[in-house]
Structure formats: structure tokens, C-alpha cells
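K.L.:
Give me a 3D structure for the following:
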Amino acid sequence: MPKYRVLDKRGIEHGCGPDSSAVYFPLGTEGVPKLLASGGHGNPIPTDVGGLIDLSPEQAAQLADWQIPYFEGKPIAVDDETNAAERSRLAKEKAAEDERKAKEEYEEFQAFKKAKADAEAKAKKSGKGKE
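P.N.:
This is a model prediction of the structure:
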């Protein structure tokens, strides 16, 4: 099962039943007691401040983007975070390149319009001088 980074400082309760449930907190969360009351059955369950939670992709999709990391609208597992960051960097580079090309094409078009207008003005001026 993929591991997801826990972002929610209030914790994420996960598990089936009182024996396998736990509340997961982000890495480095301080002041968390060893046991907390379950939101589902009310019995004390252990806490985990390791910062990671094992979830199936279906379970991860039910959590919000402030509880676990999302990328392009989908939950992203720890193993995929590096790939997502790289994809994001490449997408930004491509967008910058596309913008640069569009600017060059615009400048080339403006130069063409100016040259055409200059040629027409010159032709009009030399046409008037012959009459």
C-alpha cells in the first residue's frame, strides 16, 4: 500500500476497528499523547507522529488536499512526490519556453508590419513625386 505524507496537524484517524485504528500526525508534531479517543467508537487508540500513513489510492482520494499532498488534483504518494516536483518543474520550463517563442513571433510580426507600412509609405511618396 502506498505511503502518504500527513499534513493535517489535527491528525488523521485510520484503521478498521479498535485494534487496528490509529491517529496519524505530521512528522515533528509535539505534545501528542500516546492514546487518543477514537472519533468513531470512542475507545482509546494509539497515535503515530511518524508523518506517514498507509492508504490505498481509493482511501487517499477521500482525503482533502490539506490532509495529504495533492498534485494536479490527485493524491500523491511519498514515492511519487519527487516525480511530481520534476514534472511541475518541466511544465514551468515548457510554459516559459512557449511564452518566449510567442514573444519572438509577435516581435517578428510587428517588424514585418512596420517594414510593410514603410514600403507602402515610400511607394506612395515616390508615386506622388512623378505626377
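K.L.:
Looks like Asn43 contacts Gly15 (just checking).
P.N.:
No: Asn43 lies out of contact with Gly15 (CB atoms under 8 Å); the separation is 11.6 Å. Where C-beta positions appear, they are placed from N, C-alpha and C, glycine not excepted.
K.L.:
These two: which has the busier surroundings?
P.N.:
Higher neighbour count among Asn43 and Gly15: Gly15, with 17 against 12, using other CB atoms under 10 Å.
K.L.:
any chance you could map the helices in the protein?
P.N.:
Taking DSSP state H to define them, one finds helices in the chain at 57-61, 78-130.
K.L.:
Among these, single out whichever gets nearest to Thr29.
P.N.:
Evaluated over the helices of the chain, closeness to Thr29 peaks at helix 78-130, with 17.2 Å, by CB to CB.
K.L.:
in this protein, what spans have low per-residue confidence?
P.N.:
17-19, 80-85, 128-131 (pLDDT under 70).
K.L.:
residue closest to the middle of the chain?
P.N.:
Phe71 (3.9 Å; CA atoms, centre = their mean).
K.L.:
who are the neighbours in contact with the residue nearest to Ile53 when sequence neighbours are not counted?
P.N.:
In space, and not counting its chain neighbours, Ile53 is closest to Tyr24: 4.4 Å by CB to CB, 6 or more residues apart in numbering. Neighbour list for Tyr24: Val6, Gly11, Ile12, Glu13, His14, Thr47, Asp48, Gly50, Gly51, Leu52, Ile53 [criterion: CB atoms under 8 Å, 6 or more residues apart in numbering].
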